[in-house]
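Novice: Make a model of this:
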Amino acid sequence: MGTGFLDAVAFLTRVPVRRRAGGGGTAGGGGSGTAGATRGGSSGEGTDRAAPVDLARAAVWFPVVGALLGATALLLGLLLATWTGVLVAVVLVLVVEHLLTGALHLDGLADLADASGGRDRAARLRIMKDHATGVYGTTAVVLALLLEGALLVEVLTAGAVTGPASGILGTGRGADGPAGWLAAALLGATAWSLSRAAMLPVALLLPYAREDGTGRAVVQGLALRHTLLAWVVPVLLCALLGWTGAAMLLAALGAALVVGAHARRTLGGATGDVLGATAQLALPAALLAAVLTL
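Specialist: Residues are numbered from 1 along each chain as shown. The predicted structure is shown next:
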């Protein structure tokens with residue numbers, strides 16, 4: 001458990017973690033060392049700076065890391081909103097979130113969006129390896145951040161934490177009481193857990209789109225048993241939210257289906273950028289489903 005979880009933390013975040021020696025190195029921090037070598041996006045695609053971690057084992061923990069990030073984000077948002085107002089609180093939450101993750105998934109979304117301007121598969125793959133971000137990529141990042149921020153404002157102000165999530169915890173007091181804070185943590189954990197879990201079916205079902213590249217370890221090293229095990233946590237969290245959880249689950253899977261189909265058609269398979277884009281789009285999809293159903 002320990003090494004797999006720490007590998008997942010190092011792969012998905014910038015949080016510095018120490019790993020036991022074995023397979024590649026003795027220590028790794030998010031975005032550097034062994035884990036950083038396999039991160040998707042322009043920092044990882046096509047580079048071979050160090051030996052990759054055991055991503056098959058780490059992938060099982062991706063949704064758990066996402067759940068921790070999401071619970072932290074919503075709780076931080078509620079706390080900051082008591083001092084600054086909701087809009088400022090949400091902006092600060094987005095800043096903290098992307099500092100923690102190194103904007104890993106935004107980078108994948110930007111690269112995938114830029115690649116849509118390529119005239120053929122080879123050109124698109126070449127564009128995705130370019131470190132520069134074009135107009136399509138910049139637009140996609142801005143719109144993604146605006147959408148996520150707007151949805152978080154809705155979650156924190158439109159009674160989202162006083163609905164079914166709060167009722168599960170035994171009171172309708174919402175954010176004014178402990179149940180409201182726990183409900184917010186549950187909602188955040190569910191959305192972020194689904195976004196990280198959404199990457200895995202895409203990695204499992206699509207071939208790797210490149211001849212080489214460190215993203216291959218994610219796509220080709222994943223087995224069905226790892227994917228099914230990884231989905232246990234988000235499914236359980238969705239079950240706690242009832243119909244809202246079911247809607248969030250379907251929305252996240254729908255986002256994964258759309259990105260996966262697009263990648264299959266335009267690239268011939270998946271890359272690390274495709275997986276990052278999947279996570280980035282599955283998150284607002286899940287949050288939108290929550291806002292619409294709570």
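
Novice: Surely L78 is in contact with A184?
Specialist: Yes - proximity of L78 to A184 meets the contact threshold set by C-beta atoms under 8 Å, at 5.4 Å. To be clear about C-beta, it is placed using only N, CA and C from the backbone, and glycine gets the same treatment.

Novice: more crowded one of the two?
Specialist: Taking other C-beta atoms under 10 Å, L78 and A184 do not tie; A184 has more neighbours (28 against 22).

Novice: what about the more buried one, which SS state?
Specialist: Classification of A184 using DSSP: H, G, I helix; E, B strand; the rest coil returns helix.

Novice: Quick check, pLDDT for it.
Specialist: Note for A184: predicted pLDDT of 88.

Novice: For A270, see how far away it is.
Specialist: 33 Å (C-beta to C-beta, to the nearest Å).

Novice: Check A289 too.
Specialist: Distance, A289 to A270, by C-beta to C-beta: 24 Å.

Novice: So those two - more neighbours on which side?
Specialist: A270 (30 against 23).

Novice: Checking G268 next. Helix, strand or coil?
Specialist: G268 carries the three-state label coil when classified by three-state DSSP.

Novice: Surely it and A209 touch.
Specialist: Yes - G268 is within contact range of A209, at 5.2 Å (criterion: C-beta under 8 Å).

Novice: Name the residue in these two with the higher neighbour count.
Specialist: Between G268 and A209, A209 has the larger neighbour count (other C-beta under 10 Å), namely 23 against 15.

Novice: helix or strand right after the lowest-mean-pLDDT helix or strand in the chain?
Specialist: Ranking every helix and strand in the chain by mean pLDDT, DSSP states H and E puts helix 33-36 at the bottom, with a mean of 38. Going down the chain from helix 33-36, the next helix or strand is helix 55-59, by DSSP states H and E.

Novice: Contacts for that next one next, please.
Specialist: By C-beta atoms under 8 Å, 6 or more residues apart in numbering, the residues outside helix 55-59 that reach it are 3-5, 7-8, 11, 38, 200, 203, 217-218, 221-223, 226-227, 230.
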